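Student: Next input, structure requested:
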Amino acid sequence: MLWRQIHRRPNVDITIEKGVSAGPPKRGPGRWQRILLKLDIGDSFVIDESKDPKQSQVRAIRQSAKGLGYQVVTALEGTSRRIERIG
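Tutor: Numbering: from 1, shown residues only. Next up is the predicted model:
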């Protein structure tokens, strides 16, 4: 009983407004999206991964590409990685 009293949510009256926009997005494309937008299908670029053992750059690039509806492939070249747009 005590748990229910602590975690009870108050009733909030919310009015749904159909067709009312929140306005234009406040943020534009990020760092990787700006780079990806310049690529045509078949174009590629290289990033240095020597100081990125967790591949956070590659994950960020893949998520950016996914957000744009692009497809990318990657290939390891020594301590660098080539990213190519394929779709």
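
Student: Let me know the secondary structure of Glu84.
Tutor: Per DSSP: H, G, I helix; E, B strand; the rest coil, the secondary structure class of Glu84 is strand.

Student: Against Arg27, how distant is it?
Tutor: Remark: distance between Glu84 and Arg27 (Cβ to Cβ, to the nearest Å) = 27 Å. Placement of C-beta: from N, CA and C, glycine included.

Student: Name the residue in these two with the higher neighbour count.
Tutor: Counted by other Cβ atoms under 10 Å, Glu84 and Arg27 do not tie: Glu84 has more neighbours, with 15 against 5.

Student: isn't the more buried one right up against Glu77?
Tutor: No: counting by Cβ atoms under 8 Å, Glu77 is not a contact partner of Glu84; they are 11.7 Å apart.

Student: List the residues that contact the nearest residue to Ile86 once chain neighbours are set aside.
Tutor: Closest residue in space to Ile86, ignoring its immediate chain neighbours: Gln71 at 5.1 Å, by Cβ to Cβ, 6 or more residues apart in numbering. By Cβ atoms under 8 Å, 6 or more residues apart in numbering, the contact set of Gln71 is Ala65, Arg85, Ile86, Gly87.

Student: Show me how to select, in ChimeraX, the buried members of these.
Tutor: Listed next is the ChimeraX selection for buried residues among these, using 16 or more other Cβ atoms under 10 Å:
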select :65,85
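
Student: Of the contacts of Gln71, which is the nearest to Leu39?
Tutor: Arg85 (4.4 Å; Cβ to Cβ).
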